[in-house]
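Visitor: pasting the sequence and the predicted coordinates here, then a few questions.
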Amino acid sequence: MASPLQLYVHIPFCVHKCHYCDFNSHERETPDWSVYQLALITELKYWANSPEFANRKLNTIFIGGGTPSLAPPALIEAVINTARDCCGLDADAEITMEANPGTADAAHFQAYRQAGVNRLSIGVQSLDAAELRWLERIHGADEAMAAYRIARDAGFANINLDLMYGLPEQSLGNWLATLTTAISLAPEHLSCYQLTVEPHTKLAATHARKPYPLPDDDTALSMFWATREQLLETGYEAYEISNFSRPGLKCRHNDGYWLYHDYIGIGAGASGKWDHSGNQADGGITRYSNIRTPERYIASALTQGKSINAQESLTRNEAAAEACWLGLRRSHGINRQAFLQRFGFDGWASFQPQLETWQRAGKLIVDDDRLQLSASGIALADAISASVL
Ligand code: SF4
């Protein structure tokens with residue numbers, strides 16, 4: 001049976017390109033929103049009618065960026081309505097949109113809510129003025145707090161705050177001050193990621209010339225554990241390595257990625273994926289990624305319906321390894337029965353050679369139902385999950 005279907009919509013425009021950012025985001029003073037909307041709708045209709053995704057209802061939509069909160073509400077509404085008309089949308093579908101506090105606008109937030117967005121993810125990153133300046137964010141701490149209040153006033157009952165730790169000269173105390181203030185706002189969800197210096201960013205170039213005083217490994221690890229401790233103590237569930245929610249309010253869209261579900265991706269640089277459960281029925285998957293430059297993306301979508309830059313297929317074994325790599329990030333790990341049904345072989349039997357050392361070291365728990373990281377294995381998630389690839 002095909003997995004639930006998700007839709008990712010990419011809005012690639014930002015007011016300013018933050019120096020650490022490796023997302024597909026582009027500074028454009030005045031994007032032509034009507035043309036971008038037309039390209040998104042054209043592409044969505046193309047995929048909705050394609051053999052890969054036809055007659056499959058969506059259960060989540062995630063509008064990410066870039067800065068989606070720059071987009072006119074009419075664009076957001078048009079995309080959601082097209083998704084509902086062309087694909088079908090579950091009555092309880094989760095519809096998330098990302099917002100930058102520097103672009104928070106009460107009337108827009110209300111209009112996004114009315115358009116059907118029912119979950120807002122606010123890119124706060126830090127509540128420390130100096131850290132926000134270093135990150136090159138376009139907002140201060142007060143604006144981040146104000147954006148949260150504007151979102152609540154607009155009727156958002158499900159809000160995520162994105163936070164970042166491991167910043168230059170950041171002490172454990174600095175980080176916990178941001179985290180504590182964020183928790184005091186009582187968001188339903190928090191994503192807490194360590195800063196990484198991604199290659200090909202402005203930050204990577206400057207860091208290579210003159211390294212920033214980033215926290216050492218021990219300090220970064222103490223931040224990781226303190227984050228979990230504080231969030232678990234205050235009633236959040238750690239359902240993934242970096243993601244915490246009130247019970248029942250995990251991000252279903254992102255959890256779908258870790259569960260290896262299918263998704264349509266539309267917009268510049270977006271990607272999509274489908275299982276070969278139809279004609280090919282070989283257990284593998286195919287995925288595509290779109291042209292990244294907005295103007296080139298638009299030109300291709302408007303002339304061809306789609307805007308693919310690259311496409312690749314994975315065999316069943318390759319797809320199973322990838323599903324295992326992703327699934328181990330979830331606190332519930334991998335359901336062995338579901339894995340067996342999806343791939344036709346047992347996950348533990350096939351990955352035992354790579355994972356046995358971790359199991360013997362007490363970092364991985366294997367029982368009849370699940371493969372999952374142990375409490376001490378969580379901090380090694382990247383290394384453990386990557387060992388299956
Ligand atoms: S606002 Fe977000 S997407 Fe835009 S440049 Fe900064 S980090 Fe990247």
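Guide: Structure received.

Visitor: for the closest residue to the ligand within the stretch 101-250 of the chain, what are its contacts?
Guide: Here the stretch 101-250 of the chain gets closest to the ligand at one residue, Gly123, 5.7 Å apart by CB to the nearest ligand atom. In short, each C-beta sits where N, CA and C put it, glycine included. Contact analysis of Gly123 by CB atoms under 8 Å, 6 or more residues apart in numbering lists 98-101, 137, 162.

Visitor: of those, which is the most crowded?
Guide: The most crowded member of those, judged by other CB atoms under 10 Å, is Ala99 (30 neighbours).

Visitor: any idea what it is bridged to?
Guide: The partner list for Ala99 in beta bridges (DSSP bridges) reads Ile122.

Visitor: centre-most residue in this protein?
Guide: Residue closest to the mean C-alpha point of the chain, counted by CA atoms, centre = their mean, is Asn254 at 5.4 Å.

Visitor: name the helices or strands packed onto the helix or strand hosting it?
Guide: Element membership for Asn254 (DSSP states H and E) is helix 252-258. Under the contact definition 3 or more CB pairs under 8 Å, 6 or more residues apart in numbering; DSSP states H and E, helix 252-258 sits against strand 5-11, strand 58-65, strand 89-99, strand 237-240, helix 316-327.

Visitor: swap the cut-off to 6 Å and go again
Guide: Applying 3 or more CB pairs under 6 Å, 6 or more residues apart in numbering; DSSP states H and E, one finds that helix 252-258 contacts strand 58-65.

Visitor: list the contacts of the strand it packs on.
Guide: Residues outside strand 58-65 that contact it (CB atoms under 6 Å, 6 or more residues apart in numbering): 4-9, 11, 83, 87, 89-90, 93-98, 252-253.

Visitor: before we move on, back to that, tell me the confidence at the residue nearest to the residue nearest to the centre of the chain when sequence neighbours are not counted?
Guide: Nearest residue to Asn254, sequence neighbours excluded (CB to CB, 6 or more residues apart in numbering): Asn243, at 6.9 Å. Model confidence at Asn243, given as pLDDT, is 98.

Visitor: go on, the one 4 residues further on?
Guide: For Pro247, the pLDDT comes out at 97.

Visitor: which residues touch it?
Guide: Contact analysis of Pro247 by CB under 6 Å, 6+ apart lists Glu237.

Visitor: check Gly166 too.
Guide: By CB under 6 Å, 6+ apart, the contact set of Gly166 is 194-195, 215, 220.

Visitor: ok, now with 8 Å
Guide: Here Gly166 is in contact with 194-195, 214-215, 220, 223 (CB under 8 Å, 6+ apart).

Visitor: do Gln372 as well
Guide: By CB under 8 Å, 6+ apart, the neighbours of Gln372 are 328, 330-334, 364-365.

Visitor: averaged pLDDT, the helix or strand containing it. What do you get?
Guide: Secondary structure from DSSP H and E places Gln372 in strand 370-373. Averaged over strand 370-373, pLDDT sits at 96.
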